[in-house]
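Chemist: Predicted model, plus sequence, below.
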Amino acid sequence: MVDVTYIKAEKNHRLYITLSNGKSGYFDTSPYLNKGIFKELKDEDYFKKVRIIFGGIGWPHQQDFSADTIEQDMELTEERVM
(Lines give C-alpha, C1' and ligand atoms only; values in the text may rest on other atoms or scores of the structure.)
Protein backbone atom coordinates (compact mmCIF):
# COMPACT_ATOMS: atom_id res chain seq x y z
CA MET A 1 0.00 0.00 0.00
CA VAL A 2 1.36 3.41 -0.99
CA ASP A 3 0.97 6.53 1.17
CA VAL A 4 1.51 10.24 0.65
CA THR A 5 4.57 11.32 2.66
CA TYR A 6 4.88 14.98 1.59
CA ILE A 7 2.58 17.55 0.03
CA LYS A 8 2.91 21.18 -1.02
CA ALA A 9 0.20 23.31 -2.63
CA GLU A 10 1.42 25.01 -5.80
CA LYS A 11 -0.09 27.50 -8.28
CA ASN A 12 -2.90 26.58 -10.68
CA HIS A 13 -4.44 24.02 -8.31
CA ARG A 14 -1.49 21.66 -8.53
CA LEU A 15 0.04 19.79 -5.64
CA TYR A 16 3.63 18.62 -5.38
CA ILE A 17 3.51 15.18 -3.76
CA THR A 18 5.97 12.53 -2.64
CA LEU A 19 4.78 8.94 -2.13
CA SER A 20 6.12 6.23 0.16
CA ASN A 21 7.28 4.19 -2.86
CA GLY A 22 9.74 6.95 -3.84
CA LYS A 23 7.68 8.49 -6.63
CA SER A 24 7.19 12.25 -6.64
CA GLY A 25 5.52 14.70 -8.94
CA TYR A 26 2.56 16.97 -9.54
CA PHE A 27 -1.09 16.12 -9.04
CA ASP A 28 -3.42 18.49 -10.88
CA THR A 29 -6.76 18.95 -9.13
CA SER A 30 -8.23 21.22 -11.84
CA PRO A 31 -10.17 18.40 -13.59
CA TYR A 32 -12.17 17.97 -10.36
CA LEU A 33 -12.92 21.64 -9.57
CA ASN A 34 -16.37 21.73 -11.16
CA LYS A 35 -17.58 18.53 -9.50
CA GLY A 36 -19.63 18.49 -6.31
CA ILE A 37 -17.70 19.09 -3.11
CA PHE A 38 -14.47 19.83 -4.99
CA LYS A 39 -15.78 23.23 -6.16
CA GLU A 40 -14.59 24.72 -2.87
CA LEU A 41 -10.99 23.97 -3.89
CA LYS A 42 -11.19 26.84 -6.41
CA ASP A 43 -10.57 29.18 -3.47
CA GLU A 44 -6.75 29.49 -3.34
CA ASP A 45 -6.66 30.10 0.43
CA TYR A 46 -8.79 27.04 1.09
CA PHE A 47 -6.78 24.97 -1.41
CA LYS A 48 -3.61 25.66 0.60
CA LYS A 49 -5.17 23.97 3.65
CA VAL A 50 -4.48 20.53 2.16
CA ARG A 51 -3.06 17.96 4.62
CA ILE A 52 -2.01 14.33 4.66
CA ILE A 53 -4.92 12.27 5.99
CA PHE A 54 -4.85 8.48 6.41
CA GLY A 55 -2.13 8.10 3.77
CA GLY A 56 -3.96 10.25 1.22
CA ILE A 57 -4.68 13.98 1.14
CA GLY A 58 -7.66 16.00 2.28
CA TRP A 59 -9.10 19.38 3.18
CA PRO A 60 -11.14 20.51 6.22
CA HIS A 61 -14.56 20.05 4.58
CA GLN A 62 -14.12 16.37 3.67
CA GLN A 63 -12.68 16.67 0.15
CA ASP A 64 -10.05 13.99 -0.29
CA PHE A 65 -7.98 11.92 -2.71
CA SER A 66 -6.48 8.51 -2.02
CA ALA A 67 -2.80 7.84 -2.61
CA ASP A 68 -3.81 5.33 -5.31
CA THR A 69 -5.72 8.00 -7.26
CA ILE A 70 -2.82 10.41 -6.88
CA GLU A 71 -0.27 7.85 -8.05
CA GLN A 72 -2.37 6.96 -11.08
CA ASP A 73 -2.91 10.58 -12.18
CA MET A 74 0.26 12.39 -11.10
CA GLU A 75 2.88 13.71 -13.48
CA LEU A 76 6.17 12.23 -12.25
CA THR A 77 9.18 14.47 -11.79
CA GLU A 78 11.59 11.86 -10.51
CA GLU A 79 11.47 8.28 -9.38
CA ARG A 80 13.76 6.68 -6.85
CA VAL A 81 14.50 2.98 -7.09
CA MET A 82 13.92 1.33 -3.73
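Modeler: Done, it's in.

Chemist: hey, where'd the helices end up in the chain?
Modeler: With helices called from DSSP state H, the chain shows them at 44-47, 67-73.

Chemist: Go through these and pick out the most buried.
Modeler: Highest mean neighbour count among these (mean count of other CB atoms under 10 Å): helix 67-73, with a mean of 16. Quick note: C-beta positions are derived from backbone N, CA and C, even for glycine.

Chemist: Which strands or helices does that helix pack on?
Modeler: strand 14-19, strand 23-28, strand 56-58 (3 or more CB pairs under 8 Å, 6 or more residues apart in numbering; DSSP states H and E).

Chemist: ok so, going back, can the helices of the chain go into a markdown table with extra columns for mean pLDDT?
Modeler: Supplementary listing: the helices of the chain in a markdown table, determined by pLDDT from 0 to 100:
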| stretch | mean pLDDT |
| --- | --- |
| helix 44-47 | 97 |
| helix 67-73 | 96 |
